[in-house]
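Asker: The following comprises the amino acid sequence and a computationally predicted model.
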Amino acid sequence: MTGSYYVCGRKLRCGWYRCVYQHRYVHDLIVKVAKKDSCAKNENEYKVWQKYKHFPVSQLLCPCVEYVPGSYIVTKRCSPMPDWPAHVVQSYIEQFKNLGFSDVQREDLGVLSGRLVMVDYAIPNVKLEKFVSPVFVTLVE
């Protein structure tokens, strides 16, 4: 947790490679702290965001706000995936896989400003340039 102590609030959850915390000062942000020997996940996610943030496909990615090499990444906070039937969720997962995200799980998706977005996209070498006009997944209330 090197350096992240100052920005980490309450722990929200932990996965295989990272723990996620509420940002201590800005409540619509989260902090993803890499576990030992898995700093590449934060770096990969940041690189994907930096590479594609000006492409339309960025609307399908949760924005990265800050990256501290070897320590943590700060992103927007998303709402959890809605409790949809399994076949609906699977159809969205297949759409993301078609974009080039190979290992997509329900937990990798969230809702930001009414859009379904990837919240965990630490996939090295993903190539999204060909998606000039992706299908925007908008939730209907």
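Answerer: Cool, the structure landed.

Asker: what bits of this protein have low per-residue confidence?
Answerer: 1-5, 38, 124-141 (pLDDT under 70).

Asker: Spell out, range by range, the helices that occur in it.
Answerer: Assigned by DSSP state H, the chain shows helices spanning 39-52, 86-99.

Asker: Now do the spatially most central residue of the chain against residue 36, distance only.
Answerer: In the chain, the centroid-proximal residue (CA atoms, centre = their mean) is residue 119; its distance is 2.1 Å. Distance of residue 119 to residue 36, given as CB to CB, to the nearest Å: 22 Å. (Glycine included, C-beta is placed from N, CA and C.)

Asker: which ones are touching the nearest residue to residue 21 once chain neighbours are set aside?
Answerer: Take residue 21 and drop its neighbours on the chain: the residue closest to it by CB to CB, 6 or more residues apart in numbering is residue 8, 4.1 Å away. The contact partners of residue 8, by CB atoms under 8 Å, 6 or more residues apart in numbering, come to 1, 21-24, 31, 33, 72.

Asker: before we move on, back to that, rebuild the helices of the chain as a markdown table, extending it with mean neighbour count and distance to residue 68.
Answerer: Output for the helices of the chain, formatted as a markdown table (neighbours: other CB atoms under 10 Å; distance: least, CB to CB, whole Å):
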| stretch | mean neighbour count | distance to residue 68 |
| --- | --- | --- |
| helix 39-52 | 19 | 8 |
| helix 86-99 | 13 | 27 |
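
Asker: Mind putting those helices into TSV with distance to residue 62?
Answerer: As requested, the helices of the chain are exported to TSV (distance: least, CB to CB, whole Å):
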stretch	distance to residue 62
helix 39-52	8
helix 86-99	12
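
Asker: which one of those helices lies closest to residue 60?
Answerer: helix 86-99 (7.1 Å; CB to CB).

Asker: so what does the closest one touch, helix or strand wise?
Answerer: Counting contacts by 3 or more CB pairs under 8 Å, 6 or more residues apart in numbering; DSSP states H and E, helix 86-99 packs against strand 109-112.

Asker: Give me the contacts around the strand it packs on.
Answerer: Contacts for strand 109-112 (CB under 8 Å, 6+ apart): 62, 76, 78-82, 89, 92-93, 96, 116-119, 139.
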